[in-house]
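In: For reference, the sequence and a predicted model appear below.
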Amino acid sequence: MFRFIHVILLNLFRAPYLLSRLRKMASHPEKYSEKMRYLMAKKVFRYVRRSGLIKTEVIGAENLPKEGGYMMFPNHQGKYDVLAIVHGHEEPCSFVMDKKKSYTLFLKEIVDLLEAKRMEIDNVRQAITVINELVEEVQNGKKYIIFPEGGYTNNHNTLQKFKPGSFKSATKAKVPVVPVCLIDTYKPFNTLSIKPVKNKVIFLKPIMPEEYEGMTTGQLADEVKTRIIDEMWEYGIEQ
């Protein structure tokens, strides 16, 4: 929280311009391409990193599929997770989040700018609608981030249960599933400090549709979780 306030204060003079720009671009997607809007989001995130004394190391970007849509499934540590992934992901991507948490200042603008999906966690019918939208869009080349743990409560570098339902959109769309290992991304905004912090975002090799064909969503969830755990072991982090 301290770092979050620190970042806001240091960027207060930019806030009116950035808010205005974000809202204008989000309201007129016909005037601003997906790439332009994505670069704007990355620009905002860059201000956050620099003023927040946050250094994110990106590993494994070469593992990302070169063509077509795919879905990324990271472990979830905190508010910085999406920023870390977007920092390391050159092509436009978006994310899925809890609708109730998506309307705070600046976050609302980023959600609208990237056309992220707002999911009502306790509304099965709305969740199915979102899943169907994801399937269609990913089949048409879009890239999305879904956190299979759902929320986070002091997760830190410890993985929680991966929810099988999170993988339904990927298996229905029959697109590559990219495990993403996040290390220390809880430190920027989920610790009481403003000291410089480092973290890592690691894109692992994708699991192709022919590899998970025949798996249940539960088995796929376990496979993705296992790969992330194995990667953490490489950095001396035990589960």
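Out: In hand now; what should we look at?
In: From the contact counts, what lies against the least confident helix or strand in the chain by mean pLDDT?
Out: When each helix and strand of the chain is scored by mean pLDDT, DSSP states H and E, helix 2-10 comes last, with a mean of 88. Contact here means 3 or more CB pairs under 8 Å, 6 or more residues apart in numbering; DSSP states H and E; on that basis helix 2-10 packs against helix 34-51. Using the backbone N, CA and C atoms, a C-beta is placed for each residue, glycine as well.
In: Residue 115: what secondary structure?
Out: Three-state assignment for residue 115 (DSSP: H, G, I helix; E, B strand; the rest coil): coil.
In: count of neighbours near it?
Out: If you count neighbours by other CB atoms under 10 Å, residue 115 ends up with 14.
In: Now do the same contact list for it.
Out: Taking CB atoms under 8 Å, 6 or more residues apart in numbering, we find residue 115 in contact with 29, 94.
In: can you rerun that using 7 Å?
Out: When contacts are counted by CB atoms under 7 Å, 6 or more residues apart in numbering, residue 115 touches residue 94.
In: any idea of the pLDDT on it?
Out: On pLDDT, residue 115 comes in at 97.
In: would you list every one of the strands in the protein?
Out: 54-59, 70-74, 94-98, 117-119, 143-145, 177-183, 197-203 (DSSP state E).
In: What pairs with the first one, parallel or antiparallel?
Out: If I follow you right, that is strand 54-59. If you go by DSSP bridges, strand 54-59 pairs up with strand 197-203 (parallel).
In: got the buried residues for the strand it pairs with?
Out: Residues of strand 197-203 classed as buried: 197, 199, 200, 201, 202, 203 (neighbour count, 16 or more other CB atoms under 10 Å).
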